[in-house]
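# turn this into a model:
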Amino acid sequence: MDKRFPQYDELDLPKVAEEVLKQWETEDTFGKSLERYRVTGILIRQVLTFAIFG
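Now for the predicted structure:
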């Protein structure tokens, strides 16, 4: 049979998910993304307010 994609016999997705979650918790990835969104949202509102009202 023709193999177009590599096959992984040892791929442990629950372990990968655990490692990713551990890294996100260590680096506070989710919290930082929320903070970045909050700051960006405030900046966008300020720019739009200035553009509309001068």
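# which stretches of the chain have low pLDDT?
Applying pLDDT under 70 to the chain picks out residues 1-3, 54.
# where along it do the helices fall?
For the chain, the helices defined by DSSP state H occupy 13-27, 29-53.
# could you dump those to JSON lines with mean neighbour count and distance to residue 7?
Just so you know, the C-beta spots here come from the backbone N, C-alpha and C atoms, and that holds for glycine as well. JSON lines is the format used below for the helices of the chain (neighbours: other C-beta atoms under 10 Å; distance: least, C-beta to C-beta, whole Å):
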{"stretch": "helix 13-27", "mean neighbour count": "10", "distance to residue 7": "14"}
{"stretch": "helix 29-53", "mean neighbour count": "10", "distance to residue 7": "30"}
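# indicate which one of those is closest to residue 4.
helix 13-27 (21.0 Å; C-beta to C-beta).
# which outside residues touch that closest one?
For helix 13-27, the surrounding residues in contact (C-beta atoms under 8 Å, 6 or more residues apart in numbering) are 29-30.
# between that helix and helix 29-53, how big is the angle?
On the basis of axes from the mean of the first three to the mean of the last three C-alpha atoms, to 10 degrees, helix 13-27 is oriented at 60 degrees to helix 29-53.
# for helix 13-27, output the C-alpha coordinates as CSV.
Provided in CSV are the C-alpha atoms of helix 13-27 (Å, rounded to 0.1, in the frame of the first residue of the first chain):
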residue,chain,number,x,y,z
LEU,A,13,-1.8,12.1,22.4
PRO,A,14,-2.9,12.2,26.1
LYS,A,15,0.8,12.6,27.1
VAL,A,16,1.3,15.3,24.5
ALA,A,17,-1.8,17.1,25.8
GLU,A,18,-0.4,16.8,29.4
GLU,A,19,3.0,18.2,28.3
VAL,A,20,1.4,21.2,26.5
LEU,A,21,-0.9,22.0,29.4
LYS,A,22,2.1,21.9,31.8
GLN,A,23,4.0,24.3,29.6
TRP,A,24,1.0,26.6,29.3
GLU,A,25,0.6,26.6,33.1
THR,A,26,4.3,27.2,33.6
GLU,A,27,4.4,30.1,31.2
